[in-house]
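>>> structure, please.
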Amino acid sequence: MKVVIVYKNESDTARDVLDFLRDFERQTGHVLETLEPDSPEGIQFCTAYDIVEYPTVIALSDDSHMLNSWSGVPLPTISEVSFYVQ
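I've put the predicted structure just below:
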């Protein structure tokens, strides 16, 4: 499983996401993948998973099926997300 956070680095919510990423790594020892929605890879990813709100935290299975997602702020808790991190 993996977790991806899709967010715009130049946005009002970027600070919330960066704080969450820092706290998540400090508490769990895991680094979450991030994706800019306006990049070529981000556009393809957002289209595939129908992501239209940022930030979005999405948990994916090993075969890329969506297991859970959270959109907007407030962000999910670290314990909610850590359930999906291996």
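>>> every contact and neighbour count from this point should use C-alpha atoms.
Fine.
>>> so after the helix or strand hosting residue 67, what's the next helix or strand?
Assigned by DSSP states H and E, residue 67 belongs to strand 66-71. Downstream of strand 66-71, the first helix or strand assigned by DSSP H and E is helix 78-82.
>>> for the strand holding residue 67, which helices and strands make contact with it?
Here strand 66-71 touches strand 56-60, going by 3 or more CA pairs under 8 Å, 6 or more residues apart in numbering; DSSP states H and E.
>>> any buried residues in the strand holding residue 67, and which?
For strand 66-71, a neighbour-count test (16 or more other CA atoms under 10 Å) marks 69, 70, 71 as buried.
>>> could you give the mean pLDDT of it?
Averaged across strand 66-71, the pLDDT comes to 98.
>>> tell me the angle that strand makes with strand 56-60.
Strand 66-71 runs at 170 degrees relative to strand 56-60, counting by axes from the mean of the first three to the mean of the last three CA atoms, to 10 degrees.
>>> what bits of the protein have low per-residue confidence?
By pLDDT under 70, the chain contains no weakly predicted segment.
>>> repeat that with 80
For the chain, the stretches with pLDDT under 80 are 86.
>>> quick one, longest helix in it?
Counting by DSSP state H, the longest helix found in the chain is helix 14-28.
>>> can I get it in PDB, CA atoms only?
Taking C-alpha atoms only, helix 14-28 is exported to PDB below (Å, rounded to 0.1, in the frame of the first residue of the first chain):
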ATOM      1  CA  ALA A  14       0.500  24.300   1.400                       C
ATOM      2  CA  ARG A  15       1.600  25.100   5.000                       C
ATOM      3  CA  ASP A  16      -1.000  22.700   6.400                       C
ATOM      4  CA  VAL A  17       0.300  19.900   4.100                       C
ATOM      5  CA  LEU A  18       4.000  20.600   4.900                       C
ATOM      6  CA  ASP A  19       3.300  20.600   8.600                       C
ATOM      7  CA  PHE A  20       1.400  17.300   8.200                       C
ATOM      8  CA  LEU A  21       4.200  15.700   6.200                       C
ATOM      9  CA  ARG A  22       6.800  16.800   8.800                       C
ATOM     10  CA  ASP A  23       4.700  15.500  11.700                       C
ATOM     11  CA  PHE A  24       3.900  12.300   9.900                       C
ATOM     12  CA  GLU A  25       7.500  11.500   9.200                       C
ATOM     13  CA  ARG A  26       8.600  12.400  12.800                       C
ATOM     14  CA  GLN A  27       5.800  10.200  14.400                       C
ATOM     15  CA  THR A  28       5.900   7.200  12.000                       C
END
